[in-house]
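Chemist: Need a 3D model of the following:
(chains A and B)
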Amino acid sequence: MKTFLLIISLAIPFLSHSQILVESVEGDEIIQNPNGLANGHLLGSLNSNDQSLQFKTYFALPNNNGVMPLKYITAGIKAKPSDGVATLFSAGKFNASTNYNVGYTKIYLFTNREKESNLIDFVTVRYDFQVNKYTLFKNDTIFSKQVSNFNFNGSSLSFNYNLLVKGKHLITAILGYTRTNNYSTLQGVEVKDYTRVYDSTSTTFREYGKTITGRQGTYEEFDRFPVRFAYTNCPSENEEDKDKLKIGYTIYYSTNLGKIKLISNIGGILYLTKQSEKTGVRVPIIGLGIQSNDFFDVQNKGNSLSKRLTYSLTTTFNLANF
Amino acid sequence: MTTKDLKLELKPLGSILDCRVFLETHDEIGLWVYNTEGKYFYKNLPNYPIDGTSLEVTMIAKGKNGASTKLTIKIKGQPDETLTCLIKEGSDIEQKSIIISNI
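Modeler: Numbering: from 1, shown residues only, chains lettered A, B, ... in the order given. Just a heads-up that it's a prediction; the model follows:
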C-alpha cells in the first residue's frame, strides 16, 4: 500500500494546479494556506506515513470591499486505516477511520488592511470529528468477552494562525483541543480462532479459522491540547521563472499538553514546487517529511535519535474548480 | 462631470492574498465576479461618473513575492488601458491617470 501511495504521489502532481496543503509526518495540516484561492476548489491530498487520503473543498465568500475573497469555508473528509493498511480488513471487518472537518478562514486578524505594510495574516478555526474502529484483546477476562470491537468518537477544535512576512516567510501557530486515546501505543496482537472437525468417513481432521488483528493492553481515552509552531520559506512566483522547479521548506515543532510528560517532536518538510501555467501559483508537487519523535527523549525508551525518526511523502492535487 | 461605461478585468497570477482597486481615489470597487474559464475577475460599471478630464485608478496588492495582478480598464469608445502590480517584499501599490476622450 505504501508503494501504491508513493506511485500515486509521484504521478498525480503532473495534473496538479492546486494550493499549498502540506501535511506533517503525523498527518497534521501544518500549513493550510489559502494563497491564490480565487474561487471554490476541491483538493485532494495523500500522506504515505499515516496512509491517508483526504478530499477538501474551499468555498469563497463574496467580498464587498476588494477583489480577492477574504473569507473561506472549508469542508473535508479524510479516510485512513485504523491501525495500518495491514489491518484494513480484519476477520472480514473493514477497519477504516474517518475524519470529518469544517473550517472558517479569515484573511486579516491582527494586521491592518488599511495600513501600508509587508505583513498579512490569516486565521482558520477548525472543528474535526473522527470515528475510529478499534479491536481490543483482553486475555484477563472470560473467553466470550476477550475480543471487543468498538468505535472511538472524538472531537477536536483548533485555531490555526498564519503570518506572511515580506511575501516570503510564513509563520504558523496552531493551538487546539482534542479528545484522543492511547490505542496506537498499545501492543499489536493477532488472535487466531480455530474450529476443528473430524470426518469419520475419510478419518480426517480439518481445521479452519480466522485471524483477528488488534491491540492488547490498558485502553484509555483522554483530553489533549495540541500545540504546533512552524516556519515556511515560500518560493517566489515570478512569471519569468514559471518553467523552473523551486524548493520550499517547512520546519515545525509539535507537542501535546495535558496530564502527561511534555514530548516534543521536531520535523521538516522539503517540497518541490511547480508553477501552474493557468494560475501562476506555485504548488508542492511532492513533499518529503522527516520527524524526530520525542526529540529530547523524555520517554527514555533507549532508542537513539536515528531510531526515533519517521519519514513520509505527501502531495496535494486539485480535483475541480467551481 | 461625465459618465462612461466601464468594464474592469483583473487577472491575478500567483499567490495574491488581497487586492484592492480604487477609482477616483476614494471609490473602492467590490463584489467582483470570477470567470472560472479565463481565471480572471471582472466588474461592469455602466454610466460611471468621472470628475474632470481623467479617471484616477489605484491598485494595491499583497501576497507572495513575484505574484502579480494585471488590471485592464475598458472604457467604451477608447483603447484599453492596463495597470500591473508586481509583489516585492510582500506588497505593491500602483496608480494611473487615464485621459478620457470625447469630453
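
Chemist: now the chain, which segments are flagged as low pLDDT?
Modeler: Went with chain A since none was named. Residue ranges of chain A with pLDDT under 70: A:1-51, A:82-96, A:315-322.

Chemist: oops, chain B please
Modeler: Ranges of chain B meeting pLDDT under 70: B:103.

Chemist: Find the centremost residue of it, please.
Modeler: Taking CA atoms, centre = their mean as the criterion, B:Leu71 is the residue nearest the geometric centre of chain B, at 4.4 Å.

Chemist: Would you check that that residue makes contact with B:Leu6?
Modeler: No: counting by CB atoms under 8 Å, B:Leu71 does not reach B:Leu6; the two are 11.6 Å apart. The C-beta positions use only the backbone N, C-alpha and C, and glycine is treated the same way.

Chemist: what sits opposite the residue nearest to the centre of chain B in the beta ladder?
Modeler: Note on B:Leu71: beta-bridge partners by DSSP bridges are B:Leu10, B:Leu83.

Chemist: Quick check: the gap between it and B:Glu81.
Modeler: Shown here: B:Leu71 relative to B:Glu81, a distance of 9 Å by CB to CB, to the nearest Å.

Chemist: same check, this time on B:Ser54
Modeler: 11 Å.

Chemist: now do A:Gly176
Modeler: From A:Gly176 to B:Glu81 the distance is 49 Å (CB to CB).

Chemist: next one: B:Ile75
Modeler: B:Ile75 is 7 Å from B:Glu81, by CB to CB.

Chemist: Between these two, which contacts overlap?
Modeler: Residues touching both B:Ile75 and B:Glu81 (CB atoms under 8 Å, 6 or more residues apart in numbering or on different chains): B:Ile98.

Chemist: higher neighbour count, these two?
Modeler: B:Ile75 (19 against 16; other CB atoms under 10 Å in any protein chain shown).

Chemist: Kindly indicate whether the residue nearest to that one when sequence neighbours are not counted is helix, strand or coil.
Modeler: The shortest distance from B:Ile75 to any non-neighbouring residue, by CB to CB, 6 or more residues apart in numbering or on different chains, is to B:Lys4 (5.4 Å). Of the three states, B:Lys4 takes strand under DSSP: H, G, I helix; E, B strand; the rest coil.

Chemist: Count the residues that sit near residue 79.
Modeler: Chain wasn't specified; assuming chain A. The local packing of A:Ala79 (other CB under 10 Å) involves 13 other residues.

Chemist: you looked at the wrong chain, it should be chain B
Modeler: Residues within reach of B:Pro79, counting by other CB under 10 Å, total 8.

Chemist: and it, how far is that from B:Leu6?
Modeler: 14 Å.

Chemist: again, but for B:Trp32
Modeler: 13 Å.

Chemist: what do you get for B:Asn44?
Modeler: 8 Å.

Chemist: Looking at these two, which one has more neighbours?
Modeler: Per other CB under 10 Å, whichever of B:Asn44 and B:Leu6 has more neighbours is B:Leu6, with 19 against 11.

Chemist: show me the residues around the more buried one that make contact.
Modeler: B:23, B:44-46, B:48, B:55, B:73-76.

Chemist: which residue packs closest to it, ignoring adjacent ones?
Modeler: B:Leu45 (4.2 Å).

Chemist: pretty sure the one you found contacts B:Thr3?
Modeler: No: assessed by CB under 8 Å, B:Leu45 is found out of contact with B:Thr3, at 9.9 Å.

Chemist: Neighbour count: these two, which is higher?
Modeler: More crowded of B:Leu45 and B:Thr3, by other CB under 10 Å: B:Leu45, with 17 against 11.

Chemist: Tell me which helix or strand that one sits in.
Modeler: Using DSSP states H and E, B:Leu45 sits within strand B:40-50.

Chemist: Paired strands for that strand, with orientation please.
Modeler: strand B:2-13 (antiparallel), strand B:33-35 (antiparallel).

Chemist: can you give me the helices in the stretch 1-150 of chain A?
Modeler: A:2-11 (DSSP state H, counting those that start in this stretch).

Chemist: For chain B, what lies in contact range of chain A?
Modeler: Residues of chain B lying near chain A by CB under 8 Å from any CB of the partner chain: B:10, B:12-21, B:28-32, B:34, B:36, B:39, B:41, B:62-69, B:87-91, B:93.

Chemist: Need the winner for burial among the strands paired with strand B:40-50.
Modeler: Sort the strands paired with strand B:40-50 by mean neighbour count, taking mean count of other CB atoms under 10 Å in any protein chain shown, and strand B:2-13 sits at the top with a mean of 19.

Chemist: Quick check: next helix or strand after that strand?
Modeler: Per DSSP H and E, the first helix or strand lying C-terminal to strand B:2-13 is strand B:16-23.

Chemist: Mind giving me the packing neighbours of that following strand?
Modeler: Strand B:16-23 makes packing contacts with strand A:119-137, strand B:2-13, strand B:27-28, strand B:54-63, strand B:68-75 when contacts are defined by 3 or more CB pairs under 8 Å, 6 or more residues apart in numbering or on different chains; DSSP states H and E.

Chemist: which one among the contacts of B:Leu6 gets closest to chain A?
Modeler: When the contacts of B:Leu6 are ranked by distance to chain A (CB to the nearest CB), B:Leu23 comes first, at 12.9 Å.

Chemist: count of residues packed around the closest one?
Modeler: 20.

Chemist: same check, this time on A:Gly302
Modeler: Counted with other CB under 10 Å, A:Gly302 comes out at 7.

Chemist: I'd assumed it was in a strand, is it?
Modeler: No: counting by three-state DSSP, A:Gly302 is not found in a strand; it is coil.
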